[in-house]
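> The sequence and its predicted three-dimensional model are supplied below.
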There are 2 protein chains.
Amino acid sequence: MADNIIRLDASIRSAATVVGYLERQGPIGQCFDFYDDKKNGGDRFGQDTFERAESEMQRIALNCALGKCGMREEQLGAIFAGDLLNQCTSSAYGLLDFDVPYFGLYGACSTAAEGLLLAGAMVTHGVYETCAAVASSHNCTAERQYRTPLEYGGQRTPTAQWTVTGAGAFVVGAPDNEHPRLVAGLPGIAIEMGITDTNNMGAAMAPAAADTLIRYFRASRTTPKDYDVIVTGDLGYEGGSILKELLMSEGIELGARYQDCGQIIFTRQTQDTHAGGSGCGCSAVVMGSYFLPKLLRGEIRRMLFLGTGAMMSPSSIQQGLAIPGIAHLLEIEAPKKRKGE
Amino acid sequence: MADNIIRLDASIRSAATVVGYLERQGPIGQCFDFYDDKKNGGDRFGQDTFERAESEMQRIALNCALGKCGMREEQLGAIFAGDLLNQCTSSAYGLLDFDVPYFGLYGACSTAAEGLLLAGAMVTHGVYETCAAVASSHNCTAERQYRTPLEYGGQRTPTAQWTVTGAGAFVVGAPDNEHPRLVAGLPGIAIEMGITDTNNMGAAMAPAAADTLIRYFRASRTTPKDYDVIVTGDLGYEGGSILKELLMSEGIELGARYQDCGQIIFTRQTQDTHAGGSGCGCSAVVMGSYFLPKLLRGEIRRMLFLGTGAMMSPSSIQQGLAIPGIAHLLEIEAPKKRKGE
């Protein structure tokens, strides 16, 4: 049953993204809907703590996504949301304003894909007409929670990734001809391959991504060539090359169609982000503001999106446990009608 | 759309529960499937940390639930699981042994109900033939994470609840005539009413439970009299009386059919558990080993089960934020055929 593909038939009606200043300065910075300027105190979004700032980013993202497709919160059947913070408080507090049934998720950095998969399944089967999926991360909340206090200024290793300050919200509704379509999904299996280094999450997540991809190719009887783009959430440079090697050893070549949101969001050479971006926000904002518009414009016809997550906690690492990875997959197609047609 | 009931048509094929020594000594202690004796070191389940012990409880619970209905893990389409720990590591690590697609949830103490709701929806709509829902909490992992170190021995307030050491696993499959049936569900809306005291979670969760119940009665056009039992997950004595008062002010009288898993699991007078049990494990083990057998025996024909959760974190409390509560509801019916008929 592990190879059971979830057939989906739903459209991503709109997406909205909110990012921090560093993300705004990155190579796709112009794509995002909102950012907070450095002159406002730096990624605080008017709030007095970074945790509240992250909540505020979720609130803005969902409001904006609803606005883009002309919907009111009353029309949402449910919200699927999560983040990286202890007890997922960014989502619980950030979405309190919305008087909408709330399913809290924890999929580490794979949350955007997990949420889209569940929202897509609910809409496909008519449980709800419309659902939202929301995910976020904030560099300043995640780093001080997972690693070291911000003021400590610890040296970062070459394999370390940079937690993205970003929130993405997606509104999923009945299928139509004008929006990108969720056509299938395959949830990930948690896999742990002995990586204990929290500064090398790419390596911890890559085996899970390989497992999900292999299961999907087998079950759907497709190969990488059937997709214009195959994108992972935040394997970064380290995890991305491990994924390609793992698949190569199984005779599967991803080639140039393989991309990673964590590699796309920052300029490695100048932004000092080492092995790339990470965090729930990373895949959420890159999918929402970079890949979905490409699908809308017809530049991509068919793609696979894998949300990747490393499900450790500081306690589990301190207790000597290795990091379990997970990767949830979605197949997304361009709208039948191109924009403006 | 907030009042949209999710119609379910699925059976709870089996449930298994694992508890700690204190729970075993409680009034329904004989109902549970497994417990760890004090002579083994106290709720450690053979593990060297309490966190690993909690994971082990989840593993044992799911294994036992599968065994009870004669299923193998390969037959499970997906697992919906969660717990209270930072980054939900009890579930991520505890269920690593199972080669099954994994949806991580965070619903605080409402997780068992959230998981059953999603598993039920997946089975109802044929996405999967069979799913599992798993949830756990452990007094020693939760207390030291949320409140004070265990060794500190802080005085507990009268409204404080006792986090249950327990894990429950449920296997949900296609509807049949021999098992309790999930017939409907209503996910909760996150509600925050200004409670900032982590030693009074019952008060923080009661308004959410009242909201979900009122929405459900209205949408289903039923009244409390239509149910043999209406049970909340862990409002305890404090939250339970607040819920009854809140509903009374809306003209809804729950009466003697109202029960609370947190009130059932411990003997208040002798077990020093103050306002009652709490934690994801509380509702999971009381539902799994106390109420489901009553449904099976036909002693209860129709019941409402509300998983209640308080979605704060120590950081959010330290930053002065109030506690958002949530309550997910399930309507469960006795099997059409009584056991042994």
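Cool, the structure landed.
> A:F103: what secondary structure?
Secondary structure, DSSP: H, G, I helix; E, B strand; the rest coil: A:F103 is strand.
> who's in contact with it?
Neighbour list for A:F103: A:78-81, A:118, B:105, B:107, B:114, B:118, B:187 [criterion: CB atoms under 8 Å, 6 or more residues apart in numbering or on different chains]. (Glycine included, C-beta is placed from N, CA and C.)
> Helices - which of these land there?
The helices in this structure, assigned by DSSP state H, contain A:118, B:114, B:118 from the contacts of A:F103.
> Considering these, which possesses the most neighbours?
Within those, neighbour counts (other CB atoms under 10 Å in any protein chain shown) peak at B:E114, which reaches 30 neighbours.
> my guess is that one meets B:A81, correct?
No. The pair B:E114 / B:A81 is not scored as a contact, 10.1 Å apart, by CB atoms under 8 Å.
> which neighbours do the two share?
By CB under 8 Å, 6+ apart, the residues touching both B:E114 and B:A81 are B:L105.
> next one: phi and psi at A:I230?
Here the main-chain torsion angles of A:I230 (degrees, to the nearest 10) amount to phi -120, psi 110.
> List the residues that contact it.
Shown in contact with A:I230 (CB under 8 Å, 6+ apart): A:213, A:224, A:254, A:257-259, A:303-304, A:306.
> Next: A:G202.
Going by CB under 8 Å, 6+ apart, A:G202 touches A:159, A:161, A:234-240, A:242, A:262, A:275-276.
> okay if I get those as TSV plus distance to chain B and neighbour count?
Below are those laid out as TSV (distance: CB to the nearest CB, whole Å; neighbours: other CB atoms under 10 Å in any protein chain shown):
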residue	distance to chain B	neighbour count
A:T159	20	18
A:Q161	16	29
A:D234	16	37
A:L235	18	35
A:G236	19	34
A:Y237	24	19
A:E238	21	24
A:G239	18	34
A:G240	23	23
A:I242	20	23
A:G262	19	32
A:A275	21	27
A:G276	21	27
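> Next, format those as CSV and append pLDDT and secondary structure.
What follows is the contacts of A:G202, written out as CSV (pLDDT from 0 to 100; DSSP: H, G, I helix; E, B strand; the rest coil):
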residue, pLDDT, secondary structure
A:T159, 95, coil
A:Q161, 96, coil
A:D234, 97, coil
A:L235, 98, coil
A:G236, 98, helix
A:Y237, 97, helix
A:E238, 97, helix
A:G239, 98, helix
A:G240, 98, helix
A:I242, 98, helix
A:G262, 98, helix
A:A275, 96, coil
A:G276, 97, coil
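> In a markdown table: these, plus distance to B:A15.
Compiled in a markdown table, those are given as follows (distance: CB to CB, whole Å):
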| residue | distance to B:A15 |
| --- | --- |
| A:T159 | 43 |
| A:Q161 | 40 |
| A:D234 | 37 |
| A:L235 | 38 |
| A:G236 | 41 |
| A:Y237 | 45 |
| A:E238 | 42 |
| A:G239 | 38 |
| A:G240 | 42 |
| A:I242 | 40 |
| A:G262 | 40 |
| A:A275 | 44 |
| A:G276 | 43 |
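> Out of those residues, which is nearest to B:M248?
A:D234 (50.0 Å; CB to CB).
> pretty sure the closest one is touching A:F266, no?
No. Applying CB under 8 Å, one finds A:D234 not in contact with A:F266, separated by 11.1 Å.
> list residues touching both of these two?
Common neighbours of A:D234 and A:F266, using CB under 8 Å, 6+ apart, are A:276-277.
> Spatially central residue in chain A, please.
Nearest to the mean C-alpha position of chain A, by CA atoms, centre = their mean, lies A:S283 at 2.8 Å.
> And that residue, its phi and psi?
As for A:S283, its main-chain torsions (degrees, to the nearest 10) stand at phi -70, psi -30.
> Show me the shaky parts of chain A.
A:1-2, A:40-41, A:338-341 (pLDDT under 70).
> Strands along that one, start to end?
Along chain A, counting by DSSP state E, strands occupy A:6-19, A:34-35, A:78-83, A:102-104, A:131-137, A:162-163, A:166-173, A:181-186, A:191-192, A:229-232, A:258-260, A:277-278, A:302-310, A:324-333.
> Redo these as a markdown table? Include distance to B:V19.
As requested, the strands of chain A are exported to a markdown table (distance: least, CB to CB, whole Å):
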| stretch | distance to B:V19 |
| --- | --- |
| strand A:6-19 | 34 |
| strand A:34-35 | 48 |
| strand A:78-83 | 28 |
| strand A:102-104 | 25 |
| strand A:131-137 | 34 |
| strand A:162-163 | 38 |
| strand A:166-173 | 39 |
| strand A:181-186 | 35 |
| strand A:191-192 | 27 |
| strand A:229-232 | 40 |
| strand A:258-260 | 44 |
| strand A:277-278 | 38 |
| strand A:302-310 | 30 |
| strand A:324-333 | 25 |
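> Pick out the residue in the stretch 151-300 of chain A sitting closest to chain B.
A:P187 (3.8 Å; CB to the nearest CB).
> Going by distance to B:S136, which of the ones in helices among the contacts of A:F103 wins?
Nearest member of these to B:S136, counting by CB to CB, is B:E114, at 13.6 Å.
> Could you report the distance from the residue lying closest to the closest one once chain neighbours are set aside to B:N86?
Closest residue in space to B:E114, ignoring its immediate chain neighbours: B:G107 at 4.0 Å, by CB to CB, 6 or more residues apart in numbering or on different chains. Noted for B:G107: a distance of 15 Å to B:N86, by CB to CB, to the nearest Å.
> More neighbours: these two, which one.
B:G107 (31 against 25).
> tell me the contacts of the more buried one?
By CB under 8 Å, 6+ apart, the neighbours of B:G107 are A:103-104, B:82, B:113-114, B:280, B:307, B:309, B:311, B:326, B:328.
> Chain B contacts on the stretch 151-300 of chain A?
Residues of the stretch 151-300 of chain A lying close to chain B (CB under 8 Å from any CB of the partner chain) are A:186-192.
> mind putting those in a markdown table, neighbour count and distance to A:R218 included?
Listed next are those as a markdown table, based on neighbours: other CB atoms under 10 Å in any protein chain shown; distance: CB to CB, whole Å:
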| residue | neighbour count | distance to A:R218 |
| --- | --- | --- |
| A:L186 | 25 | 10 |
| A:P187 | 28 | 15 |
| A:G188 | 29 | 15 |
| A:I189 | 23 | 14 |
| A:A190 | 27 | 19 |
| A:I191 | 21 | 16 |
| A:E192 | 20 | 22 |
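> Widest-spaced pair of those residues?
The largest separation in these, counting by CB to CB, is between A:L186 and A:E192 at 19.3 Å.
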